[in-house]
Structures are given as structure tokens and as C-alpha cells.
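K.L.:
turn this into a model:
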Amino acid sequence: MLVDSHCHLDFPDFAEDIPGVIARAEAAGVTRMLTIATRVAKAESYRAIAEAHPQVWCTVGTHPHGAAEEPDVPAETIIGLTDHPRCIGIGEAGLDYHYEDAAPQAVQERVFRAHIAASRATGLPLVIHSRDADAHMEAVLTDEVGRGPFKAILHCFSSGARLAQVGVELGLYVSFSGIVTFRRSTELREIAAAVPLDRMLVETDAPFLAPEPHRGRRCEPAYTADTARVLAKTLDLPFETLATQTTDNFFTLFDKAAALEGSAV
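P.N.:
So this is what the prediction gives:
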């Protein structure tokens, strides 16, 4: 069993194909998926997917690309939306300084800190997006952990080794996407090899970043298995060991999902 810990099933790429996507994922051994929010205002759309498909959970939050659209959503609003039984996490939120037309850094940071506050208050894990912002991300995380603990994951990790190390030291998990399978991702595979196995998750970030051998195609949750195989080879582990451990890690981090799974048995 594998879990795709990060995908975007609400995106237009999947509009007419969610049942097929889920069927192909299950055929590949990916039996659970977490569809990730990018706008608080669209919370109902994520809920609807999770309600319709028992293999899927959802989160609530504002992606840093949407920080300028939702600059002042209070933590209390996010907290209230987590009451839904299929909502098991917060985010994705974070810092992304890759694009010149991105929201101002101060706005991104304010939105990010509101999500951290919501995570801390609810006990639900925060899904963190970080791109070209390593130093600032490290500073914010260090400051916020000092204010009080919260659970979090650095998703689709493609940052430097220091941020991975600091994240683990602060108690965070690290998730790897199809990027780790790319031929030129030698340094990222070295970073993955240094992450403790009990802090590692796998994801697709579908519909983006299809792993080898699917590059150039629409990514989908079934491809989690391809990323897991490369990670297993990188760590010199049997595929089954990597799959079992990352699945256990998912349910340890997203313990609301674990409780839901237990109640369904």
C-alpha cells in the first residue's frame, strides 16, 4: 500500500476523470490520496471530492501563489473549516519567491504564519510549500516552533540540504515527488538519502511533475509508485519496506486520517 500524500484532484486536468484516476492508482497499489487545497475560498470543492471518494482526503488553505488573493484570511476561519470529517490537514501554504509577479514577501509570510497558527490550534499537520526561499523559510519555521509546537511537512522537497536538515531537527517530515526521479536530480537524491526513513513521505503533486518514465505526461496518483521505487533504490531498501514505512509515516503525521481509517474497520 502507498499513499499519495499530495495531489490536486480539483484541477481541470482531472475534471472528467477522477474515477479513472483513482482506479489506476489503486491498480498501482496507491490506495489513498490527499487532495491539497490552494485557496480557502474553494474549500467546498475539495470537500466534495473527498466526500464522493472514500480513497481521498482533503486539506484547507491558501497556496503562496494565492496569497495576494487571500491576504487576510484569519486563522479562525481556517480552523473552522477543518471541522469537516474528511479534512485532515492545513495548507498548502508557505513561501515561493520563484516568480517575479508573486505576492509580496510580507504578504506571503503573513498568510503562512496564519496557517501555522491554525495548525498549532487544531493539531492538524501543515503542508508547507517552499521554493527559492530557503533562508526565509528556515527563519520563519525556527521562530514559529519556538512559539509552540505544530506538525508539518515540507512537500515536494526541492530545496537545499540545509533546509531538509533544519526541518527534520524541528520535527518536520519531508516529502519527495517525481523530481527525485529525474536524471539530473543527483543532489536531491543525496538529500533524500540523508532524511531519516521515519520522516519521509512520497507524493506526486499531480497533475505536475510526472516522474520517470512518464515525464511529459499529465501526472496522476498512480505514479507515486514510480517515485517510491527510485527512493527505495536510493536508500538501498526493498520497495515493500519503503512503501510500508512511508505509509506508516503518513498515518502518524495525519493522525485524523488514521482515526478515520480505524473507525471504518
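K.L.:
do a quick rundown of the strands in the stretch 101-250 of the chain.
P.N.:
Under the criterion DSSP state E, counting those that start in this stretch, strands of the stretch 101-250 of the chain are mapped to 126-131, 152-154, 173-176, 200-202.
K.L.:
which strand in this protein runs the most residues?
P.N.:
The residue-count maximum for a strand in the chain (DSSP state E) belongs to strand 87-96.
K.L.:
in its sheet, which strands sit next to that strand, and in what direction?
P.N.:
strand 56-60 (parallel), strand 126-131 (parallel) (DSSP bridges).
K.L.:
would you list those strands in JSON lines and tack on mean neighbour count, mean pLDDT and distance to residue 28?
P.N.:
C-beta: built from backbone N, CA, C; applies to glycine. Putting these into JSON lines (neighbours: other Cβ atoms under 10 Å; pLDDT from 0 to 100; distance: least, Cβ to Cβ, whole Å) gives the following:
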{"stretch": "strand 56-60", "mean neighbour count": "26", "mean pLDDT": "98", "distance to residue 28": "15"}
{"stretch": "strand 126-131", "mean neighbour count": "26", "mean pLDDT": "98", "distance to residue 28": "23"}
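K.L.:
and of the ones you listed, who's closest to residue 181?
P.N.:
Nearest to residue 181, of all the strands paired with strand 87-96, is strand 126-131, at 18.7 Å by Cβ to Cβ.
K.L.:
which residues touch the closest residue to residue 228 other than its chain neighbours?
P.N.:
Nearest residue to residue 228 in three dimensions, chain neighbours excluded: residue 202, at 5.0 Å (Cβ to Cβ, 6 or more residues apart in numbering). The contact partners of residue 202, by Cβ atoms under 8 Å, 6 or more residues apart in numbering, come to 2, 3, 4, 5, 175, 176, 177, 224, 227, 228, 231, 246.
K.L.:
just the ones of the residues you listed in helices?
P.N.:
Using DSSP state H, the members of the contacts of residue 202 that fall within helices are 224, 227, 228, 231, 246.
K.L.:
before we move on, back to that, may I have the longest strand of the chain as PDB, with CA atoms only?
P.N.:
The C-alpha trace of strand 87-96 is given here as PDB (Å, rounded to 0.1, in the frame of the first residue of the first chain):
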ATOM      1  CA  CYS A  87     -10.400  17.400   6.100                       C
ATOM      2  CA  ILE A  88      -7.200  16.100   7.700                       C
ATOM      3  CA  GLY A  89      -4.700  18.900   7.300                       C
ATOM      4  CA  ILE A  90      -4.000  22.500   6.600                       C
ATOM      5  CA  GLY A  91      -2.300  24.100   3.500                       C
ATOM      6  CA  GLU A  92      -0.600  24.100   1.300                       C
ATOM      7  CA  ALA A  93       0.900  27.300   2.500                       C
ATOM      8  CA  GLY A  94       4.300  28.700   2.600                       C
ATOM      9  CA  LEU A  95       6.800  30.900   0.700                       C
ATOM     10  CA  ASP A  96       7.500  31.000  -3.000                       C
END
